[in-house]
Structures are given as structure tokens and as C-alpha cells.
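Asker: let me see the structure of the following:
(chains A and B)
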Amino acid sequence: MSRITKKLIVILGPTASGKTALSIKLAKNFNGEIVSADSRQVYKGMNIGTGKVTKKEMQGIKHYLLDVASPKRRFSVAQYQRLALEAINKILKKNKVPFLVGGSPFYIYSVVEKWIFPKLKPDQKLRKELEKKSAKELFQILKKLDSKRAKTIEKENKRRLIRAIEIAKKLGRVPLLKKTPQFNCLLIGIKKSKEELKKLIEKRLLKRLKKGMIEEVRKLRREGLSWQRLEEFGLEYRWIAKYLQGKIDYEEMIKNLQKDIEHFAKHQMTWFKKDKRIKWTPSTHHPYRWAKKLIKEFLKK
RNA sequence: GGGGGUAUAAGCUUAAUGGUAAACUGCGGCUCUCCAAAAGCCGACUUCCGGGUUCGAAUCCUGGUACCCCCG
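Answerer: Here you go, the predicted model:
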């Protein structure tokens, strides 16, 4: 038996699978509060495009990690991890049940596994310098600095090579990624077939457009975000930005969006598929009732 | 009816001095050490059909088919 006694309920699944609605129902039932695990919902002003819960939808359930950053600034997983851990501990202190809910796997696992990232802030100047070099050159540099990390890193991935060099330069080498889990986690995954998900994504996309998603992007632009920054956010922000710049027409925007969101869902699943701890909602049961039972048992132990 | 052109992956655009059929998109799979809705990797699928020349044909010759253009 592990000594970890703090309990955390994680609700995950691909985009558009219905995590939000389910988690609110469950939180209401179990005296819970919700910590969002979404790499885009952390930004202020990005609401419709990220599918952020509205005040009304929250039904009085407290939500954390929404609107904690300005979209003008770069936010990172390390910042997320710190804030999320704080929030969870705060909820536990109140004797409430923390629900970690979201679809950003990297963010979820940064909390669930509590990876120890090297304590080193990004050095934008150095990154810009290194960006000019080819992947091959970068790999050679890393090899000299830290041959061990060079062995496991992807040779063609400049972004990761640059980060590794950044760390190795200051710390001498890249420390092994340590996992130090501190919560007893119940991982609940919402399962959807590919066809179902496709339809859900389509439906949700049209709904968001009707709700004024394009106007939201226009507004962000007016507030000073560059087109490049908007495109960096991906999905709705990327394709609407392209549309607003006249690079593509409306139909192309929809088509590309649908495709990219489907891709995104697939990519999320490659993380989740590996994790054997996840309990997937069975298609034969009502997800809410099924999850309720599971959580009840989990909290009893 | 006559003359000319085009035909390469699921799609589209496009490569390959007669010498291992390829890129892009899509599709499938994967990686994950501070941009993760990011970034990167791997895979499957092709020469319109038939004959000929050649050691060897997407390529040259020839017949057919489909489409396009011009003349009547």
C-alpha cells in the first residue's frame, strides 16, 4: 500500500467528449471543486474557441486555473503545474474533493506524475540564437554538452534540442525526469468512437461559430495580439486568424478546422491509450451513474 | 471525319539523362524533460489498358480507352 493519501479524481478524454458537463455533475454530487487542465483555457479572453465553461454552467462549483494568464504572454507547463498543485492542495484543505478536468495530456500528467522539471526559465535570447542552426548542428552541440540526453532525444526535433541545450549549458547536463506522484488518483476517461467524436466536433464547431467565435478572435486581435500569436494557439484561433487575414475562405476555414480538431483528438488519445490506469466509460452504461459509483468506492477506501 | 495534347497514390499539385517510382495533402501508427491545441518521427497506398523494342520502359514505338484543344 502506498503512503499517498491525498485523493485526486481526474476526468479526461478527447476534445468534445463531454468532460465539462460530466465533471460539474460529479463535483456537485461529491462536494468537489474543479481544476481545469487545459493549456488554452488558462488564457483570459479565449472563451468560445476553447470551450471554457460559463458562470451559469458552473452551477456554483468553483473552478480553478481558468483565466490565469494573459494571451500576450507565454505560459508554460511548469507554471501550470505550480498553480494546479496549489489549487488542489487548497481544495483538500477545505475537505473538499478535487477534480482535475481537461484534455491537455502534458498538463494533466505534469500534475498526476508530478514531474520535476529542471528549475530553469526559458532563455529567449539563447533560443533565438540556436533557432538559426540546423537540427544536425544542434544535435552535435548537445552531444558535446550531455551525451546521455543526446542518446534519448529526437535528433530532428529542434524545439526539444534547443531546450535541452539551454538546460545543459546552465546545469552541465539535463537531469533525468523524475516522477514524484503525490496524489492517489482515480483516472476516468470518456470514451467515444471515432464516428461519434467526428459528429460531436462538427456540431460543437457550428455552435461555437453561432456564439460569436469569430468576433472573439477579432476582439483579441484588436486588443493587440499579432496574427502570428493567434495562429500559434492552433485550432480555432489559427484558422479563424487565417480567415480574417483573407488567406483562406470561410469554407476552407471550416474544413481545415474540422480536420485539425479531429487530429488533435487523435493525438490526445495516443497519450491516454498508454495509461492503463484509466477507467474508460463503458458504452453500455450511463457515464454519470457509472462514474458516480466508481468515485463512491474510491473515496471510501 | 482530320490534326494536336494530356493520362503517375484516396485527393490535388507536381518530380523522376531508358537504370531502385517520388514530394505535398489526406489516411494509419508513434514520440513526449518549461511554446504541448506546440514540435518532431515512422508506415501503407501509385505509373489508364494491351502489345512491341530493350539486359532494363512512367519514359521510346504501336493499338485501344477517357478527357481537353484546334480544323471541318
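
Asker: ok, how many other residues are close to A:Pro98?
Answerer: 25 (other Cβ atoms under 10 Å). To be clear about C-beta, it is placed using only N, CA and C from the backbone, and glycine gets the same treatment.

Asker: spell out which parts of the stretch 101-250 of chain A neighbour RNA strand B.
Answerer: Contacts of the stretch 101-250 of chain A with RNA strand B, taken as Cβ under 7 Å from any atom of the strand, map to A:103-107, A:115, A:117-122, A:127, A:149, A:152-154, A:156-160, A:162-164, A:167, A:174-177, A:194, A:232-237.

Asker: can you say which of those residues are buried?
Answerer: Among these, those classed as buried by 16 or more other Cβ atoms under 10 Å are A:103-105, A:107, A:115, A:118, A:149, A:153, A:158, A:160, A:162-164, A:167, A:174, A:233, A:235-237.

Asker: show me those that map onto helices.
Answerer: Among those, the members falling in helices are A:105, A:107, A:149, A:158, A:160, A:162-164, A:167, A:235-237 (criterion: DSSP state H).

Asker: any idea how far A:Pro49 is from RNA strand B?
Answerer: Check again: residue A:49 is Gly, not Pro. 5 Å (Cβ to the nearest atom of the strand, to the nearest Å).

Asker: which ones are touching that residue?
Answerer: A:40, A:208, A:213, A:216-217, A:233, A:235-237, A:240 (Cβ atoms under 8 Å, 6 or more residues apart in numbering).

Asker: quick one: which helix or strand includes it?
Answerer: Taking DSSP states H and E as the definition, A:Gly49 sits outside all helices and strands.

Asker: setting aside sequence neighbours, what's the nearest residue to it?
Answerer: A:Glu236 (3.8 Å; Cβ to Cβ, 6 or more residues apart in numbering).

Asker: now the nearest residue to A:Arg277 once chain neighbours are set aside. Its backbone dihedrals?
Answerer: Among residues not flanking A:Arg277 along the chain, A:Leu187 sits closest, at 5.0 Å (Cβ to Cβ, 6+ apart). In terms of degrees, to the nearest 10, the main-chain angles of A:Leu187 are phi -100, psi 120.

Asker: contacting residues for A:Leu187?
Answerer: Counting by Cβ under 8 Å, 6+ apart, A:Leu187 touches A:10, A:12, A:112, A:275, A:277-279.

Asker: which of those residues tops the neighbour count?
Answerer: Result: A:Leu12 is most packed of the contacts of A:Leu187 (other Cβ under 10 Å), 26 neighbours.

Asker: correct me, but it touches A:Gly102?
Answerer: Yes - if you go by Cβ atoms under 8 Å, A:Leu12 and A:Gly102 touch, sitting 6.8 Å apart.

Asker: next, show the common contact partners of these two.
Answerer: A:19, A:37, A:108.

Asker: show the buried residues in these.
Answerer: A:19, A:37, A:108.

Asker: my read: A:Gly102 touches A:Arg40, true?
Answerer: No - applying Cβ under 8 Å as the test, A:Gly102 and A:Arg40 come out as separate, 9.9 Å apart.

Asker: ok, these two, which is more surrounded?
Answerer: Counted by other Cβ under 10 Å, A:Gly102 and A:Arg40 do not tie: A:Gly102 has more neighbours, with 27 against 21.

Asker: wait, what's in contact with the nearest residue to that one once chain neighbours are set aside?
Answerer: Of all residues not flanking A:Gly102 in the chain, A:Ala37 sits nearest, at 2.9 Å (Cβ to Cβ, 6+ apart). Listed by Cβ under 8 Å, 6+ apart, the contact set of A:Ala37 reads A:10, A:12, A:65, A:84, A:100-104, A:107-108, A:111.
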